[in-house]
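Novice: compute the structure for the input listed below.
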Amino acid sequence: MKEKVPTDLAIQCTDTVSFNSVIEPLIQTKCVECHEAGGASGGYVFEGYDNISANASDMLDAMRGIGFTQMPIVGPALDDSLIQLFECWIYQGRLNN
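Specialist: Next up, the predicted model:
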């Protein structure tokens with residue numbers, strides 16, 4: 001099920017975002033150091049499609065600093081283009097592709 005997003009985002013999400021080649025590497029690089037099995041920071045584990053997909057909306061809010069401490073907590077904030085890719089992946093139905 002697609003989530004409600006602003007119309008301008010729908011226009012920007014023309015290319016299908018791949019979980020395997022875009023989303024998972026992004027999460028592995030920027031999130032897993034703190035949010036891994038056995039050391040789940042904040043109660044979140046971001047390893048594997050099921051965990052990432054189930055927490056995607058909260059992850060997006062944390063990337064933006066909306067309702068959560070802005071993530072990643074270590075290092076600079078994510079570039080807007082990376083956040084947009086994650087947002088497009090959610091909008092496109094969180095495909096496991």
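
Novice: for the residue positioned nearest the centre of the chain, pull up the helix or strand it's in.
Specialist: By CA atoms, centre = their mean, the mean C-alpha position of the chain lies nearest to Phe86, the distance being 4.6 Å. Using DSSP states H and E, Phe86 maps to helix 80-91.

Novice: other SSEs contacting that helix?
Specialist: helix 7-12, helix 24-30, helix 56-64 (3 or more CB pairs under 8 Å, 6 or more residues apart in numbering; DSSP states H and E). All C-beta spots, glycine's among them, are computed from the backbone N, C-alpha and C.

Novice: got the angle for it vs helix 56-64?
Specialist: 170 degrees (axes from the mean of the first three to the mean of the last three CA atoms, to 10 degrees).

Novice: now helix 80-91, how far from the centre of its chain.
Specialist: Here the centre of helix 80-91 is set off from its chain's centre by 7 Å, with CA atoms, centre = their mean, to the nearest Å.

Novice: cool, and stretch 30-37?
Specialist: Mean-position distance between stretch 30-37 and its chain equals 12 Å (CA atoms, centre = their mean).

Novice: where does this protein dip in pLDDT?
Specialist: Within the chain, the segments meeting pLDDT under 70 span 1-11, 37-41.

Novice: the nearest residue to Ile73 once chain neighbours are set aside and Ile52, how far apart?
Specialist: Of all residues not flanking Ile73 in the chain, Cys34 sits nearest, at 6.9 Å (CB to CB, 6 or more residues apart in numbering). Counting by CB to CB, to the nearest Å, the separation of Cys34 from Ile52 is 14 Å.
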